[in-house]
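K.L.:
the following comprises the amino acid sequence and a computationally predicted model.
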Amino acid sequence: MTLSMHTSSAPTFLRTLTAMSSWLQAAEAHASARNFDADQFVDFQLTPDMKPLSFQVQAACDSAKLCVARLAGTNAPSWADDESTIGDLLSRVAKTIEYVNSVSADQVDGSEERVIEMQAGPDRTFTFTGEDYLRGFALPNFFFHATMAYALLRQGGVPIGKMEFLGAP
């Protein structure tokens, strides 16, 4: 049995986005229990040359929504990257989950050979087949940013572990 493009993408994004939402909620609970403002997490960085938590969540969300849209041959919604609180980030994740759920299997399946072109800066374009885009770019990019978000929250002392990263089976 082969896996469909939809089965190989949407459920994976949804599981990790749902987990990400729980990480952000855990950050709020952690801050509340220790009497500090959870929104301090939003600007956390691992190193000065890496983007903060807000960007990591935005990028993970964008990776998921753009992937399913590109595979479906549609345009993803465009959202301002203006989240400045944990609540804003939770809303961004919720909107992304809603969007990914709105793209049907019928729209995505059969996109293995669809030509996917994407800009990677002002003078660089990547061209993939749908399958190569999903496996070689979209999923790794999504998990890079999700992992960075998780690591930033762990660095901040949020008590989440491997099972919280993996999400509910």
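P.N.:
In hand now; what should we look at?
K.L.:
can you read off the pLDDT for the residue nearest to the spatial centre of the chain?
P.N.:
Residue closest to the mean C-alpha point of the chain, counted by C-alpha atoms, centre = their mean, is Ala60 at 2.4 Å. Per-residue confidence (pLDDT) for Ala60: 98.
K.L.:
is the most far-flung residue of the chain relative to its centre in a helix, a strand, or coil?
P.N.:
Distance from the C-alpha centroid of the chain peaks at Asn35, with 28.7 Å (C-alpha atoms, centre = their mean). Using DSSP: H, G, I helix; E, B strand; the rest coil, the structure places Asn35 in coil.
K.L.:
pLDDT weak spots in this protein?
P.N.:
Along the chain, the parts satisfying pLDDT under 70 run over 1.
K.L.:
which residues in this structure form helices?
P.N.:
Counting by DSSP state H, the chain has helices at residues 5-33, 53-72, 86-102, 105-108, 130-133, 139-155, 162-166.
K.L.:
list the buried residues of the longest one.
P.N.:
Spelled out, it's helix 5-33. Using 16 or more other C-beta atoms under 10 Å as the test for burial, helix 5-33 gives 5-6, 8-10, 12-14, 16-17, 19-21, 23-24, 26-28, 30-31. The C-beta positions use only the backbone N, C-alpha and C, and glycine is treated the same way.
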